[in-house]
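> sequence plus predicted model, see below.
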Amino acid sequence: MRKIATRLMWAIIPILSGCSTGTVLDEYLPSEPPTVSGFPGAKPRNVRSVVVWGNDERTINAAEAWVKAHGLSVIHRDRIHEALGTQVATEDAFLIKEETIVQAANAAGADAVVFADRADEARPPLVTVKGVDARTGRLIWTGDARYETFFGLPNTETMTVLTDQALMTAWGLQPKED
């Protein structure tokens with residue numbers, strides 16, 4: 001009986017911890033700012049249109065919104081799928097080489113590709129971003145953001161905050177003060 005009570009206690013503690021904060025664990029957003037790093041570079045003058053590509057729909061959507069808000073036009077990924085032709089049908093879109101995406105973006109008329117990826121499924125979440133010139137394949141800038149501690153599954157808001165912070169770092173912008 002004592003063994004069952006002990007196991008039950010260990011099962012209830014995480015539930016009570018989430019309830020005591022007033023938030024569901026899956027929707028917890030840390031109050032501390034994320035840790036960021038990268039090598040910044042200002043938006044190149046010759047970059048006007050970009051393709052955003054990544055492995056997590058939430059980071060892709062956040063990156064598209066961010067670059068639009070900062071004056072770039074976004075070429076829809078369907079144009080990249082068209083440029084890739086049958087390769088997308090035969091391969092998982094997430095497993096296509098970055099070089100191939102850059103070449104397809106160039107063929108679709110993009111000036112650059114913004115890769116916005118969730119680094120892995122581990123907690124705490126990590127978002128990496130990088131800009132690659134579609135004509136030359138040269139790395140323009142890169143940044144990443146992660147929370148040092150995290151107590152829940154990353155939701156859309158969390159991934160948006162991390163993507164925004166990574167892009168701000170990559171472009172050498174200061175984070176917004178709350």
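Sure thing, it's come through.
> in terms of pLDDT, where does the spatially most central residue of the chain sit?
Geometric centre of the chain, nearest residue: T59, 3.4 Å, by CA atoms, centre = their mean. pLDDT recorded at T59 is 95.
> residues contacting the nearest residue to it once chain neighbours are set aside?
Sequence neighbours aside, A116 is the residue nearest to T59 in space, at 4.4 Å (criterion: CB to CB, 6 or more residues apart in numbering). In short, each C-beta sits where N, CA and C put it, glycine included. Shown in contact with A116 (CB atoms under 8 Å, 6 or more residues apart in numbering): 52-54, 56, 59-60, 62-63, 127-129, 163, 166-167.
> any chance of CSV for those residues, columns distance to F39 and secondary structure?
Shown next, in CSV, are the contacts of A116 (distance: CB to CB, whole Å; DSSP: H, G, I helix; E, B strand; the rest coil):
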residue, distance to F39, secondary structure
V52, 20, strand
W53, 20, strand
G54, 19, coil
D56, 22, coil
T59, 19, helix
I60, 22, helix
A62, 21, helix
A63, 18, helix
V127, 16, strand
T128, 12, strand
V129, 12, strand
T163, 17, helix
A166, 12, helix
L167, 13, helix
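> follow-up on the earlier one: quick check: the residue nearest to the centre of the chain touching R118?
Yes: using CB atoms under 8 Å, T59 is in contact with R118, at 5.6 Å.
> got any residues that touch both of these two?
Shared contacts of T59 and R118, defined by CB under 8 Å, 6+ apart, comprise 127, 159.
> domain assignment for this structure?
Residue ranges for the domains of the chain, per automatic domain parsing: 1-27, 31-170.
> any idea which of the ones you listed is most buried?
By mean neighbour count, with neighbours taken as mean count of other CB atoms under 10 Å, domain 31-170 ranks first of the domains of the chain at a mean of 18.
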